[in-house]
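Asker: sequence unknown, structure follows:
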């Protein structure tokens with residue numbers, strides 16, 4: 001349980017969307033909102049997160065492929081991807097790895 005709480009806080013602190021946190025951790029959006037306000041202050045305004053530059057996205061896609069083979073579970077995979085690309089939010093990384101998918105599981 002402690003690991004789950006630590007991961008939840010990590011995802012909130014590092015820019016996972018409310019919907020993503022809600023789906024990955026089964027936490028209500030109002031609880032996510034309260035946690036965001038407590039951990040990072042007022043939320044960002046509405047709008048889509050910018051994707052990294054094309055060359056960086058290619059590297060992220062390669063890393064995602066390697067990580068998805070090495071780790072099970074979407075939370076673990078996203079966590080490890082963010083550890084390798086800490087300059088981007090988890091939301092930006094998720095959008096990057098799904099930029100060619102019409103159907104995204106979360107976010």
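Answerer: Arrived safely, thanks for sending. Predicted model only: the values in this text are computed from it and were never measured.

Asker: For the chain, which helix extends over the most residues?
Answerer: helix 54-70 (DSSP state H).

Asker: Now do the contacts for the residue nearest the centre of the chain.
Answerer: Centroid check for the chain by C-alpha atoms, centre = their mean gives residue 90 as the closest residue, at 2.9 Å. By C-beta atoms under 8 Å, 6 or more residues apart in numbering, residue 90 lies in contact with 11, 14-16, 20, 78, 82. In this view, the C-beta of every residue, glycine as well, is placed from N, C-alpha and C.

Asker: what's the helix or strand just after the longest helix of the chain packed up against?
Answerer: Next helix or strand after helix 54-70 toward the C-terminus (DSSP states H and E): helix 74-84. Helices and strands touching helix 74-84, as assessed by 3 or more C-beta pairs under 8 Å, 6 or more residues apart in numbering; DSSP states H and E, comprise helix 2-13, helix 18-25, helix 54-70, helix 90-97.

Asker: In the protein, what helix or strand scores lowest on average pLDDT?
Answerer: helix 29-40 (a mean of 84; mean pLDDT, DSSP states H and E).

Asker: what's that helix in contact with?
Answerer: With contacts defined as C-beta under 8 Å, 6+ apart, helix 29-40 is touched by 8-9, 12-13, 18-19, 21-22, 27, 43.

Asker: Just the buried residues of it, please?
Answerer: 32, 35-36 (16 or more other C-beta atoms under 10 Å).

Asker: out of the residues you listed, who's nearest residue 65?
Answerer: Using C-beta to C-beta, residue 32 is the member of those that lies nearest residue 65, at 28.9 Å.

Asker: follow-up on the earlier one: max pairwise distance over the contacts of residue 90: which two?
Answerer: For the contacts of residue 90, the farthest-apart pair by C-beta to C-beta is 20 and 82; their separation is 12.0 Å.

Asker: what about the residue nearest to residue 64 when sequence neighbours are not counted, how many neighbours?
Answerer: Spatially, and ignoring its direct neighbours in sequence, residue 64 is nearest to residue 97 (4.5 Å; C-beta to C-beta, 6 or more residues apart in numbering). Neighbour count for residue 97, taken as other C-beta atoms under 10 Å: 20.
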